[in-house]
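Visitor: After the sequence you'll find the predicted model.
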Amino acid sequence: QVQLVESGGGLVQAGGSLRLSCAASGGTFSNYAMGWFRQAPGKEREFVALIISSGDSTSYADSVKGRFTISRDNTKNTVYLQMNSLKPEDTAVYYCAAGPKVPTTSYRRYYYWGQGTQVTVSS
């Protein structure tokens, strides 16, 4: 069983930056691809970014490409999401998740989830 705890959310003005962290415990972190997802009120949870278990490859949703960067430190069992040039439409609860080694953008295929951290971008 893997436990995930997100941190780093908050309120920021449009154009600003935030860095989210997700600390893992209770399992072998390097066995999992890690993903970030978000969910706005009344909307389905959507894929944001993923990074494979080794950290050598990443993938992003088109809506965040060029603005967000996912990274991981397997020595610290932590995955990060650097978010720059934030827009009001980025407002959501952001979740990290641990998933299969074969990466997928489908949230339904991820095994473990954090509790989420709120990101609010004001215009």
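Guide: Structure received. Numbering: from 1, shown residues only.
Visitor: gap between stretch 85-96 and the chain center?
Guide: Centroid separation for stretch 85-96 versus its chain: 10 Å, with CA atoms, centre = their mean, to the nearest Å.
Visitor: Need the residue closest to the centroid of this protein.
Guide: Compute the mean C-alpha point of the chain, and by CA atoms, centre = their mean the closest residue is Trp36, 2.2 Å away.
Visitor: Val93: neighbour count?
Guide: 18 (other CB atoms under 10 Å). Every C-beta, even on glycine, is put in place using the N, C-alpha and C of the backbone.
Visitor: wait, isn't it in contact with Phe37?
Guide: No - Val93 is not in contact with Phe37 according to CB atoms under 8 Å; the separation is 9.2 Å.
Visitor: hmm, back to that, who's in contact with the residue nearest to the centre of the chain?
Guide: Going by CB atoms under 8 Å, 6 or more residues apart in numbering, Trp36 touches 20, 22, 48-50, 70, 79, 81, 94-97.
Visitor: Please name the bridge partners of it.
Guide: On the basis of DSSP bridges, Trp36 is bridged to Ala49, Cys96.
Visitor: Excluding covalently adjacent residues, which one is nearest to Phe47?
Guide: Nearest residue to Phe47 in three dimensions, chain neighbours excluded: Thr105, at 4.1 Å (CB to CB, 6 or more residues apart in numbering).
Visitor: For that neighbour, what are phi and psi?
Guide: With angles defined as degrees, to the nearest 10, Thr105 sits at phi -90, psi 0.
Visitor: what's the neighbour count on it?
Guide: Using other CB under 10 Å, Thr105 has 16 other residues around it.
Visitor: how close does Cys22 sit to Thr105?
Guide: 17 Å (CB to CB, to the nearest Å).
Visitor: excluding its backbone neighbours, what's nearest Ser17?
Guide: With CB to CB, 6+ apart, the residue lying closest to Ser17 is Asn84, at 4.7 Å.
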